[in-house]
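Student: Everything below, folded, please.
(one chain, ligands or ions: 1)
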Amino acid sequence: MERLHQSPAWMALEKHQAALAQVHLRGLFRADPQRFQAHSHDLGPVWVDFSKNLITEETWTLLEGLAAEAGLFARRDAMFAGEPINATERRAVLHTALRSPSGRPVILEGRDVSVDVHGVLQQMFALVDTFHRDALFGATGAPLRAVVHLGIGGSDLGPAMVCDALRAHARPGVEVRFASNVDGADLDLALRGLDPRETLIVVASKTFTTVETFTNARAAVEWLAAAVGREGVGAHLAAITASPAAAHGFGVSADRTFPIWDWVGGRYSLWSAIGLPIALLVGSEGFRSLLDGANAVDEEFRAAPFARNTAAKMGMLSIWYRNFWKFPSKAVLPYAQNLRRLPAYLQQADMESNGKSTTLDGAPVAWSTGPVLFGEPGTNAQHSFFQLLHQGTDVIPADFIAVARTPYPTPRHHAVLLANCLAQTEALLWGRTRDEAMAELTAQGVDALEAARLAPHKVFPGNRPTTTIVLDELRPHTLGMLLALYEHSIFVQGAVWGINSFDQWGVELGKAMATRLLPAMEGAAPGPHHDASTLGLVSVLERFRKSEKG
Ligand code: F6P
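Tutor: All right, here's what the predicted structure looks like:
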């Protein structure tokens, strides 16, 4: 594995890349009228079009060879089988079990964890159904109507993104809000205007130790206590955690404590009870559809041959661009305002998973790993960073996500939105040559000298790769499919790179240093072991904080 980059499969891809670098996507489309069909995947309500990528049939064949060389398929099978593939934490990786249908055993260390999964789902759905019947009462006897979910990272980004995405499917009158940041502004906004007597606070933390979540949770408890008395607070709390004893210590009753397990990674946890706010927003049936959508993709990823395995191909395509074209970043561009938080969610999913430089064996990796992922909804993004996508010096492969049907009574908006989505992928593919720019300027009546001056600025190289993913509608099932495609694509990349996509040691050091610096932020003298910049900044902050308000 350490020598993957010296394997025949890797070297064949290098050679293939050098050849393909001489070809323009324009030429590939002109040469093959069937290119769209040949490079598309029809997943029922989801369509994935790979055709505008820098690929040929041979590319897929060679990428499949690399996947086999790297042991991808064995590692995939090990994941589904519950082997401890998260080796540094000695844990299984079984988020797929969270969406596996009831009655299908998933055995881990001799125990059928699917029984636990479906038991917790029943517990969740009982709470959700009571809530929707206005029969979940707070300390004063008023029904709880609003939910404030407190978590961070994987205990926030997934449910927050899904709740945003599915807002058109929300139960009437249900308010679900999120606060994650330890900046008090976040909690202030989340609680603003809510009546504590009608509010359920959900504390979501796998470890139940995360400082941001507990700073917010303690403040929320004070907010509740001021309205319902300290003894009434418990009626307004729920918790989701792998440490139920800690939740009970925090004052959450056993029937409002929802377990998750160490085999569910934080950034893969929205399918677990961490998704409680999703179910509270869209109902138990909606949550089941989300799980079913993800399960459909799990089944394809688990069983389909590479040629028809969408997630495997998405992942290998990312390898193709990162390791053979050396592209440093990738963009995710949902043409759906309700998917505005998808890029932030995927940043954690992808960059916390694959931002690693040590192999499973503890050696430094000999190849590039996870790219920088960024994105914004279209069309807004067109008016910010698309300039760089079209004419910048780096090529940035981009995923465009389009939704065919809108639930909003704005057909004209939707037509403009979709036209822009397709137009951008076409422009990135096609580009504009100098001759074409000259011809356009001349047609506009610009004189020859001025046209020659302007033309170089109006050249678009094109040949910029995009994948277009089309959902029939943004609904729980299709969203579940979309997210599972990305999850497995991330897995594929990590597996080929030989890294552990399921730990996150890189977040530890900063956390430890923040703990050391906290006393200095509360007025104590900083300890001796800080660098000059940090000590200088401590004193600047102290001076500004003590000075008069501006
Ligand atoms: O940022 C590190 C991290 O451990 C993430 O992986 C995780 O999703 C997040 O913190 C929150 O952790 P917890 O759910 O334990 O509060």
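Student: Now do the SS call for the residue nearest to Leu94 when sequence neighbours are not counted.
Tutor: Once flanking residues are discounted, Leu94 sits nearest to Trp263: 4.4 Å by Cβ to Cβ, 6 or more residues apart in numbering. C-beta coordinates here come from the backbone N, C-alpha and C atoms, glycine included. At Trp263 the chain is in coil, as set by DSSP: H, G, I helix; E, B strand; the rest coil.
Student: pretty sure Trp263 is in contact with Glu109, am I right?
Tutor: No. Using Cβ atoms under 8 Å, Trp263 is not in contact with Glu109, being 9.9 Å away.
Student: Of the two, give the one with the bigger neighbour count.
Tutor: The neighbour count for Trp263 versus Glu109, taken as other Cβ atoms under 10 Å, is higher for Trp263 (23 against 9).
Student: so how far is Ile85 from the more buried one?
Tutor: 10 Å (Cβ to Cβ, to the nearest Å).
Student: do the same with Thr310
Tutor: In terms of Cβ to Cβ, Thr310 sits 22 Å off from Ile85.
Student: Mind jotting down where the strands sit in the stretch 101-250 of the chain?
Tutor: Using DSSP state E, counting those that start in this stretch, the strands found in the stretch 101-250 of the chain span residues 107-108, 111-112, 146-150, 175-179, 199-204, 237-241.
Student: Off-centre distance for the second one?
Tutor: By that I understand strand 111-112. Mean-position distance between strand 111-112 and its chain equals 29 Å (Cα atoms, centre = their mean, to the nearest Å).
Student: again with the longest one
Tutor: Shown here is strand 199-204, whose average C-alpha point lies 23 Å from the average C-alpha point of the whole chain (Cα atoms, centre = their mean).
Student: now do the first one
Tutor: Put simply, strand 107-108 sits 27 Å off its chain's centre (Cα atoms, centre = their mean).
Student: Other residues contacting it?
Tutor: With contacts defined as Cβ atoms under 8 Å, 6 or more residues apart in numbering, strand 107-108 is touched by Gly82, Ala92, Leu94, Ala97, Val113, Trp263.
Student: In stretch 4-17, which residues are buried?
Tutor: Leu4, Ala9, Trp10, Leu13, His16, Gln17 (16 or more other Cβ atoms under 10 Å).
Student: quick one: the residue positioned nearest the centre of the chain from Leu317, how far?
Tutor: In the chain, the centroid-proximal residue (Cα atoms, centre = their mean) is Leu346; its distance is 2.3 Å. Using Cβ to Cβ, Leu346 is found at 15 Å from Leu317.
Student: One more: Glu14?
Tutor: According to Cβ to Cβ, Glu14 and Leu317 sit 16 Å apart.
Student: counting contacts, what elements does the host helix or strand of Gln17 pack onto?
Tutor: Per DSSP states H and E: Gln17 is located in helix 8-20. Contact here means 3 or more Cβ pairs under 8 Å, 6 or more residues apart in numbering; DSSP states H and E; on that basis helix 8-20 packs against helix 57-70.
Student: just how off-centre is the helix it packs on within its chain?
Tutor: Using Cα atoms, centre = their mean, the offset of helix 57-70 from its chain centre is 26 Å.
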